[in-house]
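Sequence and predicted structure are below.
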Amino acid sequence: MLICSHCGASLDPVAASWRPRPPCCGVLPGSHEHHNKNNLRESPMDLDPNSGLVPLHRHPLGFIEAFCHLGAPLERLLGGTGLSAPMFEMQEVMISYRQFQRLLYNGIHLCQRPGLGLAVGMHFDWSYWGPVGYVVHCSPSLKHAGEAFRRYLVTAQPLFAEHAAQPNAYLDADGRIVEPIDYMTGSDDDPLMRDFIREWRLAITLRIWDQCGNKSVADPSLHVRLGFPEPADRRPYEILPCDSLTFGCQEYAISAHMDYVFQRFRPFRKRAFEKLIRECERELTHRVEAVTFTERVFWHVRAYFRPDLDLNAVARQMRLTPRSLTRRLACESASFRKILYEVRMEIASHQLRHSSLDVDEVAALAGFSCGSSLRRAVKGWAGMTVSEMRNQEGIGSRGNLT
């Protein structure tokens, strides 16, 4: 995740430095487009770094298990955190971000070794994500798995009250889906913490892509590009499930062919996946009061977006009547039309900023009638031309990711 350039806040408790920074002003993982004047959403709930908001039995216990597996003595690992082994047997224990970060700090210093974050990420069990972790075994596609993790991460990491993140991955001109992974950590003053977090994210993300992608397609290859020189000891990276790993690149990214990402497989597990999603939704409803109905509609529109998506389709997906959906949005001063337009602009602007697709292709993806219509919409929505938006990211000079 990123550091907001507008407010300087860390967006990810795992990524923040050992002293937690205040929560971000409302930016979502992977984008700063929330600062657009047309954005409908409010800032996320205020979080006190000393308040008990993080479920101990989710990510914190996953890190504890991994660090102990790699040789950290439990007593020293828990030193200064206020945690103890008997708490592992208790129900619904909540810890603070400060405790969580002290735990990470201890583990990193007790298990110092090349590629520590990779080793922890490869050992980190899916059960520590809560019910959503099990979708890796039954999701119909990588796309479905990714949407589920993004939506329900908030149950393990409450900082993501606005968890239905704006676009991160994008479709490039070579038919490959690219996910940038150059997330700032907020820990540049502590190289050990910074590198650990980046490595952990890389390992976790690759495991999801490896387990949930359709390997029966013509091109099932996974490619990784990293923006730092090849390390002296490359062996820790050899455990990663990818087909190529290139160091010294201009970008950090994972890429795979769009068929690998979108084409469905595992048809006999569909009911298991649907049951898991229902359980995740129930847990989300009970755990996260700060998630508004408007945010839930945003997630559904993003998850099921297509150029001809309409109110009736989203209402069916949410098991509501169109009138009920419209009325509940109106109670929060929102409307389906505005939500659909914002999601359409999020998708279009993200593609324009990052992909090599031409303007007409992006217009078709986002549901605009033509490139000229998209150009006018971008000017009104972002206050800049398409050319200015693309020049910000240097489109055209990046080259292919494979």
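Right, received. Where do you want to start?

Which parts of the stretch 201-350 of the chain are strands?
Ranges of strands within the stretch 201-350 of the chain are 223-225, 244-246, 253-257, based on DSSP state E, counting those that start in this stretch.

Show me what the second one is packed against.
What it means is strand 244-246. strand 223-225 (3 or more CB pairs under 8 Å, 6 or more residues apart in numbering; DSSP states H and E). Heads up, the C-betas are built off the backbone N, CA and C, glycines and all.

Out of the helices and strands in the protein, which is least certain?
With mean pLDDT, DSSP states H and E as the measure, the helix or strand of the chain carrying the lowest mean pLDDT is helix 386-393 (a mean of 82).

Identify each buried residue in that helix, please.
Neighbour-count burial for helix 386-393 flags 386, 389-390 (criterion: 16 or more other CB atoms under 10 Å).

residues touching residue 239, list them.
Listed by CB atoms under 8 Å, 6 or more residues apart in numbering, the contact set of residue 239 reads 118-119, 122.

quick one: which of those is nearest to residue 227?
residue 118 (16.3 Å; CB to CB).

which one is residue 348 nearest to, not counting chain neighbours?
Spatial nearest neighbour of residue 348, excluding adjacent residues (CB to CB, 6 or more residues apart in numbering): residue 366 at 3.9 Å.

returning to what we had before: for the strands of the stretch 201-350 of the chain, which one sits closest to residue 293?
Per CB to CB, nearest to residue 293 of the strands of the stretch 201-350 of the chain: strand 253-257, 33.2 Å.

returning to that earlier point: which of the strands of the stretch 201-350 of the chain sits most buried?
Greatest average neighbour count among the strands of the stretch 201-350 of the chain goes to strand 253-257 (a mean of 24), per mean count of other CB atoms under 10 Å.

who does that strand pair up with?
According to DSSP bridges, strand 253-257 forms sheet pairs with strand 176-180 (antiparallel), strand 223-225 (antiparallel).

three-state assignment of the spatially most central residue of the chain?
Residue closest to the mean C-alpha point of the chain, counted by CA atoms, centre = their mean, is residue 150 at 5.0 Å. For residue 150, the assignment made with DSSP: H, G, I helix; E, B strand; the rest coil gives helix.

From residue 153, how far out is residue 280?
As defined by CB to CB, to the nearest Å, residue 280 lies at a distance of 10 Å from residue 153.

shared neighbours, these two?
Both residue 280 and residue 153 are contacted by residue 132, under the criterion CB under 8 Å, 6+ apart.

elements contacting the longest helix anywhere in the chain?
Longest helix in the chain by number of residues (criterion: DSSP state H): helix 191-212. Where contact means 3+ CB pairs under 8 Å, 6+ apart, helix 191-212 is packed against helix 97-110, helix 116-123, helix 142-152, strand 253-257.

Where does pLDDT dip in the protein?
1-51, 159-167, 183-188, 288-290, 393-402 (pLDDT under 70).

so which of the strands paired with strand 253-257 gets nearest residue 59?
strand 176-180 (20.7 Å).

ok, the closest residue to residue 195 other than its chain neighbours - contacts?
Leaving aside its sequence neighbours, residue 195 sits nearest to residue 117 (CB to CB, 6+ apart; 6.5 Å). By CB under 8 Å, 6+ apart, residue 117 lies in contact with 195-203.

at 10 Å instead, please
By CB atoms under 10 Å, 6 or more residues apart in numbering, the residues touching residue 117 are 108, 192-204, 236.

can you check residue 76 too?
Neighbouring residues of residue 76 by CB under 10 Å, 6+ apart: 67, 106-107, 109-110.

Apply 7 Å and report the result again.
Counting by CB atoms under 7 Å, 6 or more residues apart in numbering, residue 76 touches 106, 110.

And residue 321, its phi and psi?
The phi/psi pair for residue 321 (degrees, to the nearest 10) reads phi -80, psi 150.

Tell me, how many residues neighbour it?
Residues lying near residue 321 (other CB atoms under 10 Å) number 12.

thinking again about what came up before, pipe the buried residues of helix 386-393 into JSON lines and attach distance to residue 74 per row.
Output for the buried residues of helix 386-393, formatted as JSON lines (distance: CB to CB, whole Å):
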{"residue": "386", "distance to residue 74": "55"}
{"residue": "389", "distance to residue 74": "51"}
{"residue": "390", "distance to residue 74": "52"}
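
Between those residues, which sits nearest residue 248?
residue 390 (25.1 Å).

list the contacts for the closest residue to that closest one other than its chain neighbours?
Nearest residue to residue 390 in three dimensions, chain neighbours excluded: residue 352, at 5.7 Å (CB to CB, 6+ apart). By CB under 7 Å, 6+ apart, residue 352 lies in contact with 362, 386, 389-390.

Can you add distance to residue 284 and give the residues you listed back as TSV?
Below are the contacts of residue 352 laid out as TSV (distance: CB to CB, whole Å):
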residue	distance to residue 284
362	32
386	37
389	34
390	36
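
right, and residue 220 touches residue 258 too?
No: applying CB atoms under 7 Å as the test, residue 220 and residue 258 come out as separate, 11.9 Å apart.

what about the nearest residue to residue 79 once chain neighbours are set aside, distance to residue 75?
The shortest distance from residue 79 to any non-neighbouring residue, by CB to CB, 6+ apart, is to residue 106 (6.1 Å). For residue 106, the distance to residue 75 equals 10 Å [CB to CB].

Cheers, nothing more for now.
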